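Engineer: Pasting a predicted model and its sequence here:
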Amino acid sequence: MLTFGLGTGGTPAAAAVACPSGVESDFNGDGARDTVVADPEATVGGVARGGEVHVVYGGGKGTVTLSQALDNVPGGPEVNDRFGSSLAVYDADLDGCSDLVIGTPYEDLGTVPDAGVVQLFYGSTAGLNAGSKAVKEFYQGADQALNGGPEAEDWLGYAVAAGKTSAGQPYLLIGVPGESVGTVEDAGAIHYVAGTAQTATMTHQDTEIGGAVTGVAEVDDRFGSTLAATPTHFAVGTPGEALGTAPFAGGVGLFTHTLTSGYPKPTGGLGQDQDTIGGAEEVGDQFGAALAMVPYRASGATSTTESLLAVGTPGEDLSTTTDAGAVQVFRLTAAGAHSEIMWIDQNTADVDQESEAGDFFGKRLAAVNTSPNATSTAATTRLAIGVPGEESSEEHAEKGGVQIVPLVGAPGASDEWIDPGYGVPGIPAPRQLAGLSLAATPSLLYVGMPYGPAEGRAVHGFPWNVASGGAPTVTLKPGEGGIPATGTAFGATVR
């Protein structure tokens with residue numbers, strides 16, 4: 001076992017002369033996928049909710065614990081920083097080793113509270129944050145890579161997404177949902193960081209360079225609260241968007257990675273006030289509060305240039321069932337045109353469970369396409385839907401659960417259900433909020449269990465084709481496998 005972080009230190013043994021290309025989430029270049037588990041509420045060096053991030057190397061090659069208490073990490077832990085609130089993985093410098101993006105949206109910058117910061121930790125054959133490249137910081141300031149000045153409660157880094165475009169260029173998306181646009185507070189914005197040069201531009205709902213972004217910047221829109229992307233497209237959630245007289249009805253902005261003067265191209269937007277989109281705009285729907293996107297190849301297509309986008313609406317009322325929640329799935333063409341192809345809730349034909357008030361179905365989403373270079377099917381495109389308000393009895397209020405459905409075809413044709421005590425190890429208990437932490441890898445769906453009884457706090461990896469109530473094939477827990485036996489909300493974020 002190797003550990004690095006609070007207390008003792010060390011680095012994983014060099015795994016290769018040079019990092020191999022093509023292996024996702026491989027920080028040390030050994031060809032094995034690595035896993036990242038954050039505990040943003042962890043006490044670090046006596047500082048409450050400073051936050052820490054654990055990296056578990058594939059192949060049993062050790063663990064690394066990252067925090068702002070490390071000498072080679074800028075800043076220092078402060079109360080309520082919540083380092084690790086958001087995570088993304090991509091190859092920022094195209095050296096073949098994956099790099100880790102960590103968001104700390106409640107970081108104070110000088111006297112500016114909760115301005116937020118994003119830090120990029122580089123991988124190398126010596127391990128993550130163990131090579132020659134120093135941690136790269138992204139925050140707003142006149143002399144910084146990100147334009148705009150830091151303001152109180154900007155929450156920069158509340159959401160992050162990253163990857164490689166279809167042209168092979170790395171990109172990083174940084175959400176700033178508390179950004180003021182002019183005098184409009186909490187309108188929100190995103191930063192698009194392009195290429196290995198890491199050229200950054202800010203986009204918000206009043207931006208018109210490269211095309212007009214859908215909507216208008218308004219108080220409490222919170223554009224940038226959620227992000228999802230594929231090599232062709234990306235989507236930006238605006239769960240606070242007011243539609244007509246309905247505040248917090250929600251919306252989603254759509255973009256491609258095509259750049260004009262560094263700005264991504266907007267292609268339209270989604271909202272339940274549109275005739276071609278199911279549902280009706282209602283107060284507190286929060287359409288766009290969760291997003292997941294995967295590449296899509298239609299039957300007969302010779303390349304993968306389209307995407308499937310799942311949009312969570314956890315506040316959706318189903319008839320008289322308040323806050324039951326729903327998920328809508330959209331097909332995006334190469335040019336960005338959209339069409340709705342599926343509506344999913346727990347009243348949908350043959351879908352397991354039943355809709356209940358306060359389920360918040362769709363509060364979190366994770367999706368996968370296990371064969372992106374082949375025709376997409378129900379077996380290869382799967383969607384995990386978090387239902388953190390689900391309860392099996394009054395004794396187990398907000399136990400939570402996870403619904404797994406196909407993204408192609410009827411959602412009830414091959415759906416599965418897991419929850420604490422039924423697939424998810426542990427004893428059912430109140431406020432476990434299962435489904436509040438989800439992450440997708442090509443082979444596994446990760447379900448984080450950061451809340452509830454301490455002995456049940458863990459991250460479990462399930463095969464995407466798991467049967468209802470099936471057991472995980474991977475479990476990561478504090479105090480096991482080299483992971484420190486510390487923390488408060490282990491698994492709140494996973495990648």
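Structural biologist: That came in fine, so what should we check first?
Engineer: Which neighbours in the sheet does the biggest strand by length in the chain have, and how are they oriented?
Structural biologist: The single longest strand within the chain, with elements called by DSSP state E, is strand 251-260. Strand 251-260 pairs in its sheet with strand 233-238 (antiparallel), strand 263-270 (antiparallel), by DSSP bridges.
Engineer: Name the residues that touch the last one?
Structural biologist: The one in question is strand 263-270. 192, 201, 203, 207, 209-215, 233-234, 251-259, 277, 287-288, 311, 330, 332, 335-338 (C-beta atoms under 8 Å, 6 or more residues apart in numbering). In short, each C-beta sits where N, CA and C put it, glycine included.
Engineer: after that strand, next one along is what?
Structural biologist: As assigned by DSSP states H and E, the chain's next helix or strand after strand 263-270 is strand 290-296.
Engineer: Parallel or antiparallel, which strands does that next one pair with?
Structural biologist: When DSSP bridges is applied, strand 290-296 pairs with strand 306-313 (antiparallel).
Engineer: buried sites along stretch 263-283?
Structural biologist: By neighbour count with 16 or more other C-beta atoms under 10 Å, stretch 263-283 contains the buried residues 263-274, 277, 279, 281-282.
Engineer: Widest-spaced pair of those residues?
Structural biologist: Greatest spatial distance among the buried residues of stretch 263-283 (C-beta to C-beta): 263 and 282, at 32.7 Å.
Engineer: Show me where the stretch 1-150 of the chain has its helices.
Structural biologist: Taking DSSP state H, counting those that start in this stretch as the criterion, the stretch 1-150 of the chain carries no helices.
Engineer: And for residue 246, the neighbour number?
Structural biologist: For residue 246, the neighbour count with other C-beta atoms under 10 Å is 17.
Engineer: Spatially, what comes nearest to residue 298 if we skip its sequence neighbours?
Structural biologist: Excluding its sequence neighbours, the residue lying closest to residue 298 (C-beta to C-beta, 6 or more residues apart in numbering) is residue 306, at 6.6 Å.
Engineer: Next, find the distance separating that neighbour from residue 161.
Structural biologist: 18 Å (C-beta to C-beta, to the nearest Å).
Engineer: so where is the stretch 101-250 of the chain shaky, pLDDT-wise?
Structural biologist: 142 (pLDDT under 70).
Engineer: Strands along that one, start to end?
Structural biologist: 117-121, 136-138, 160-164, 170-176, 189-194, 199-203, 226-229, 233-238 (DSSP state E, counting those that start in this stretch).
Engineer: Which one of the strands paired with strand 251-260 lies nearest to residue 28?
Structural biologist: Nearest of the strands paired with strand 251-260 (C-beta to C-beta): strand 233-238, 28.1 Å.
Engineer: so how far is the closest one off the chain centroid?
Structural biologist: Centroid displacement of strand 233-238 relative to its chain, using C-alpha atoms, centre = their mean, to the nearest Å, is 12 Å.
Engineer: could you dump it to PDB, C-alpha only?
Structural biologist: Output in PDB follows, covering the C-alpha atoms of strand 233-238 (Å, rounded to 0.1, in the frame of the first residue of the first chain):
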ATOM      1  CA  HIS A 233     -21.800  18.800 -28.000                       C
ATOM      2  CA  PHE A 234     -22.100  20.100 -24.500                       C
ATOM      3  CA  ALA A 235     -25.100  21.300 -22.400                       C
ATOM      4  CA  VAL A 236     -25.400  23.900 -19.600                       C
ATOM      5  CA  GLY A 237     -28.100  23.600 -17.000                       C
ATOM      6  CA  THR A 238     -30.000  26.700 -15.800                       C
END
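Engineer: can you list the residues that contact it?
Structural biologist: So strand 233-238 is in contact with 159, 161, 173, 175, 188, 190, 205, 215, 221-229, 250-257, 264, 267, 288-291, 293, 307, 309, 311, 332, 336, going by C-beta under 8 Å, 6+ apart.
Engineer: picking that back up, I'd like the strands paired with strand 251-260 laid out as CSV, including distance to residue 351.
Structural biologist: Converted to CSV, those look like this (distance: least, C-beta to C-beta, whole Å):
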stretch, distance to residue 351
strand 233-238, 24
strand 263-270, 22
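Engineer: Out of those, which gets nearest to residue 80?
Structural biologist: strand 233-238 (23.6 Å).
Engineer: Closest to residue 241 out of the buried residues of stretch 263-283?
Structural biologist: residue 271 (6.9 Å).
Engineer: surely the closest one meets residue 254?
Structural biologist: No - assessed by C-beta atoms under 8 Å, residue 271 is found out of contact with residue 254, at 11.3 Å.
Engineer: Please pick the buried ones from the contacts of strand 263-270.
Structural biologist: 192, 201, 203, 207, 210-211, 213-215, 233-234, 251-259, 277, 287-288, 311, 330, 332, 336, 338.
Engineer: what's around residue 143, how many residues?
Structural biologist: Applying other C-beta under 10 Å, I find that residue 143 has 4 neighbouring residues.
Engineer: ugh, typo on my part, it should be residue 471
Structural biologist: 14.
Engineer: Check residue 494 too.
Structural biologist: Residue 494 has 24 nearby residues by other C-beta under 10 Å.
Engineer: Same check on residue 492?
Structural biologist: Quick note: residue 492 (other C-beta under 10 Å) scores 25 neighbours.
Engineer: Let me know the distance separating it from residue 446.
Structural biologist: Residue 492 is 12 Å from residue 446, by C-beta to C-beta.
Engineer: Using CSV, lay out the strands of the stretch 101-250 of the chain together with distance to residue 454.
Structural biologist: What follows is the strands of the stretch 101-250 of the chain, written out as CSV (distance: least, C-beta to C-beta, whole Å):
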stretch, distance to residue 454
strand 117-121, 29
strand 136-138, 34
strand 160-164, 29
strand 170-176, 31
strand 189-194, 37
strand 199-203, 41
strand 226-229, 30
strand 233-238, 32
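Engineer: Of those strands, flag the one that's most buried.
Structural biologist: strand 233-238 (a mean of 30; mean count of other C-beta atoms under 10 Å).
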